[in-house]
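> predicted coordinates and the sequence they were generated for:
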Amino acid sequence: MGKKSNSKAKKSAAPAKVLPQDRADISAVVDEVFKICTKVPGATPASASQEWAEYLDIYRLIDKICTLEKDIKLPKYTRKDQLQSFLSWLKENNIIMTGLEIYDTGDAGFGLRATEDITQGQKVISVPLSAMLTEETARKSYLGSFISRDPILQHMSNIALALHVLGEYVNQQSAWQPYLRFLPSTYSTTLYFTPEQMGMLKGSIALEEAVKQFRNIARQYAYFYRILQSSPEARSWPIRDYFTFEAYRWAVSTIMTRQNRIPVKGGKNQMALIPAWDMANHKEGMYSTDFDDEKMQSICFAQCNIRAGEEFTIYYGQRSNSDLFLHNGFVATDNSNDSLAIKLGVSKNDPLHDEKVALLSSLDLPSSGTFMLIPGAHPVSSGLLAFTRIFCMDKNSLEKWRGDGSKVKDLLHEDCDVGTYVQDKTWAFLHTRVALLSQAYPTTVEEDRAALPTLSNYEQMIKKLLICEKTILSDAEAYLSSRIAK
Ligand SMILES: C[S@@+](CC[C@H](N)C(=O)[O-])C[C@H]1O[C@@H](n2cnc3c(N)ncnc32)[C@H](O)[C@@H]1O
């Protein structure tokens with residue numbers, strides 16, 4: 001594996017020839033994108049409306065680029081037509097799936113299904129390292145010299161892996177072709193959203209992150225485009241003629257939604273794409289994937305008993321819906337690990353700034369950052385509660401708690417006695433904050449629910465996220481009202 005894909009790269013059926021004038025037009029817009037995306041920020045952070053205006057500018061330019069690049073298409077394959085050759089390739093590469101088959105789940109794309117009863121802990125998938133696309137295979141590929149030289153690729157292994165995936169996808173000689181051809185041809189990551197869809201996130205903390213993500217990917221695209229078009233060495237690389245914004249967002253989304261970390265003997269972990277294992281969809285449960293250092297293979301066990309005919313799932317980890325939405329392209333409405341991040345910070349102008357920061361650091365809490373509201377009967381997480389208590393303390397309280405080193409951890413617990421003054425201020429502050437966050441959404445949960453059946457898949461996913469966020473906020477508001485009334 002991987003041997004064929006080394007320096008002897010061969011282009012896929014050639015993309016449409018780009019006329020020199022079109023190439024010049026694309027380059028001019030790429031330069032504009034690069035300029036906006038690398039602008040040095042001012043002394044004060046940009047406001048939300050400035051960031052939004054800038055996103056619209058970047059989107060408009062990217063849209064122009066996509067129009068200019070419309071004839072440079074990546075080879076497209078229909079997944080179900082590729083299934084048989086993918087299954088044969090799995091066998092050839094000693095990737096073993098026991099009691100599982102690949103099937104079309106509908107809403108969650110393709111997935112795995114049990115063909116027989118499977119018991120919890122049973123070994124069901126093993127994938128040798130030699131079959132994976134990894135940071136190491138990236139370094140050995142025709143892009144290897146570029147990856148080892150480029151400052152961005154040296155430090156951001158996920159980006160190196162994205163270029164590697166794209167590089168192999170357009171390389172007919174690649175040993176991973178049957179795997180790559182079976183990947184989805186498009187994703188539901190926010191990189192595919194239109195401004196109208198992005199605008200539906202108004203009020204959600206995910207909006208800022210999604211806008212940032214789009215800007216980062218646009219910047220990276222412009223950066224790599226310029227290198228690939230100007231470097232003499234790149235002329236022989238298959239990736240060069242296919243490198244469009246569309247292709248780059250596909251490659252980045254592939255990595256975002258499928259990558260995993262695997263150990264390296266005697267070294268640190270490396271990012272990898274693990275064929276077959278990455279066909280498993282997510283369900284809450286427990287981690288059930290391991291790496292066998294001796295056999296050098298990833299092994300996946302069943303996280304629970306599964307009946308023949310049922311979907312086989314793995315647990316992607318403790319992620320909020322906002323994380324799943326931003327990094328995995330879906331929302332789990334029954335997510336017991338859900339949370340809603342609130343940004344808080346101690347102002348530099350606060351006369352008690354230093355005392356508060358010192359007390360916060362004794363609890364390993366930052367002086368500014370994100371703190372969590374969680375679903376359920378006790379929506380204020382321990383970190384949020386302790387931060388707000390300290391944030392609301394007067395000089396006397398701060399001195400008392402700083403002098404009482406052994407007790408400071410009590411501030412993390414709801415039943416800790418912080419005195420009426422701090423307690424009342426804490427609940428009132430949080431209540432106001434939660435009410436303001438709720439009011440930032442232009443629609444109600446009821447309106448979101450009513451709109452669901454009329455919406456596209458992307459829009460349904462956005463609405464589901466908003467419904468989860470608003471539910472956390474309204475539960476928190478009710479809880480905080482009850483605390484204030486006490
Ligand atoms: C590692 S891949 C799993 C295989 C994928 N479904 C496919 O068709 O190739 C992860 C992607 O599967 C989808 N997915 C996984 N778990 C899901 C779930 N519980 N609900 C909806 N979509 C899910 C999401 O699109 C996610 O980005």
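All right, it came through fine. Numbers count the residues shown, from 1 in each chain.
> and the pLDDT for the residue of the stretch 301-450 of the chain found nearest the ligand?
Going by CB to the nearest ligand atom, the ligand is nearest to residue 330 of the stretch 301-450 of the chain, at 3.6 Å. In this view, the C-beta of every residue, glycine as well, is placed from N, C-alpha and C. Residue 330 is assigned 98 on the pLDDT scale.
> give the contact list for it.
For residue 330, the contact set (CB atoms under 8 Å, 6 or more residues apart in numbering) comprises 108, 188, 282, 324, 461.
> with residue 76 instead?
Residue 76 is in contact with residue 185, counting by CB under 8 Å, 6+ apart.
> 10 Å instead?
181, 185, 186 (CB atoms under 10 Å, 6 or more residues apart in numbering).
> up against the ligand, what does this protein have?
Within reach of the ligand by CB under 6 Å from any ligand atom, the chain has these residues: 108-111, 184, 188, 257-258, 278-279, 281-282, 328-330, 332.
> not counting its neighbours along the chain, what's nearest residue 366?
Nearest in space to residue 366, with sequence neighbours left out and distances taken as CB to CB, 6 or more residues apart in numbering, is residue 360 at 7.0 Å.
> hang on, isn't the one you found packed against residue 386?
Yes - if you go by CB atoms under 10 Å, residue 360 and residue 386 touch, sitting 7.9 Å apart.
> list residues touching both of the two?
Listed contacts common to residue 360 and residue 386 are residue 411; contacts here mean CB under 10 Å, 6+ apart.
> in this structure, what residue lies closest to the ligand?
Relative to the ligand, the nearest point of the chain is residue 109 (2.7 Å; CB to the nearest ligand atom).
> can you give me phi and psi for that residue?
Torsion angles at residue 109 (phi, psi; degrees, to the nearest 10) stand at phi 70, psi -150.
> that one against residue 278, yeah?
No - if you go by CB under 10 Å, residue 109 and residue 278 don't touch, sitting 11.1 Å apart.
> what residues are shared contacts of these two?
With CB under 10 Å, 6+ apart as the test, residue 109 and residue 278 both reach residue 257.
> for stretch 336-354, list every residue counted as buried.
If you call a residue buried by 16 or more other CB atoms under 10 Å, then stretch 336-354 has these buried ones: 337, 338, 339, 340, 341, 342, 344, 346, 352.
> which of these fall within strands?
Mapping the buried residues of stretch 336-354 onto strands (DSSP state E) picks out 340, 341, 342, 344.
> hey, what's the last one bridged with?
By that I understand residue 344. Taking DSSP bridges as the rule, residue 344 bridges to residue 369.
> give the contact list for it.
Going by CB under 10 Å, 6+ apart, residue 344 touches 366-371, 384, 387-388, 391, 429-430, 433.
> re earlier: who wins for most neighbours among the residues of the chain next to the ligand?
residue 279 (23 neighbours; other CB atoms under 10 Å).
> give me the phi and psi for that residue.
Main-chain torsions, residue 279, degrees, to the nearest 10: phi -90, psi -10.
> thought residue 80 was touching residue 87?
No - in this structure residue 80 lies outside contact range of residue 87 using CB under 10 Å: 12.0 Å.
> where exactly do the strands run in the stretch 51-200 of the chain?
With DSSP state E, counting those that start in this stretch applied, the stretch 51-200 of the chain shows strands at 96-97, 100-104, 110-114, 123-128, 133-134, listed in chain order.
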